[in-house]
Structures are given as structure tokens and as C-alpha cells.
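Predicted model and sequence below, questions to follow.
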Amino acid sequence: MIADLASITPDLREFISRNFLFSDEGFLYGDAASFLQEGIIDSLGVMELVTYVEKQYGISVADDELLPSNFDSVSQLSAYITSKLEARV
């Protein structure tokens, strides 16, 4: 698990670039870019992303938390993870 909250956004960019964009150049979209609207991640990709988030950050994602407001951009996902981690403290 990554303890440093500041590393969440860069970590997410790297994971998405590597696993969905298949790019070594990094995440070339803005952090607010919609994964679904930009065609970065489809519904199966969301499930892969959920699995990664749960393992990487040691959090559980409830079914009612699988919302675009939590999982549709780097910035939204980073905020969601941060709030889950801070709630555990």
C-alpha cells in the first residue's frame, strides 16, 4: 500500500498509461479527462481499475461507490481514494 497521499495521482496516471493506453510516454490527458468519454477505459476496464485500487491502496470499494463521480477521471479517482484512506485514520 502506498502511504504517501501525494503519490496517488502520479501512481494512477502510470497505471492507466501502462494498462489501458499501452504507452511508455505517460498519461497524455489532463487529470480531469473522462475515462469513458475519451475512450480510455470501458466497463471491463473499470472493473480492472477497481481491483487495482483495492489491492494497491488496501481499501474496499462498495457497489454503491462505483459511480462516475468516483471512477471517471484521474482527479476524481484520486480524491475518492484519498477520502477512503483518510476515513480509516
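Ah, there it is.

CA atoms for contacts and neighbours, from now on please.
OK.

gap between Ser34 and Pro68?
In this structure, Ser34 and Pro68 are separated by 9 Å, where distance is defined by Cα to Cα, to the nearest Å.

swap in Ile40?
Applying Cα to Cα, the value for Ile40 to Pro68 is 14 Å.

Looking at those two, which one has more neighbours?
Looking at Ile40 and Pro68 with other Cα atoms under 10 Å, you find the greater number of neighbours at Ile40, namely 17 against 14.

ok, that one - contacts?
Phe20, Leu21 (Cα atoms under 8 Å, 6 or more residues apart in numbering).

Recalculate using a threshold of 6 Å.
Counting by Cα atoms under 6 Å, 6 or more residues apart in numbering, Ile40 makes contact with nothing.

That one in helix, strand or coil?
Local secondary structure at Ile40 is given as coil here, using DSSP: H, G, I helix; E, B strand; the rest coil.

ok, now Val61?
Taking three-state DSSP as the rule, one finds Val61 in the coil state.

what separates it from Gly45, distance-wise?
With distances defined as Cα to Cα, the gap from Val61 to Gly45 amounts to 15 Å.

And for Leu77?
Distance of Leu77 to Gly45, computed by Cα to Cα: 14 Å.

Can you work out which residues contact both of those two?
Counting by Cα under 6 Å, 6+ apart, Leu77 and Gly45 have no shared contacts at all.

what about the two, which has more around it?
Per other Cα under 10 Å, whichever of Leu77 and Gly45 has more neighbours is Leu77, with 23 against 16.
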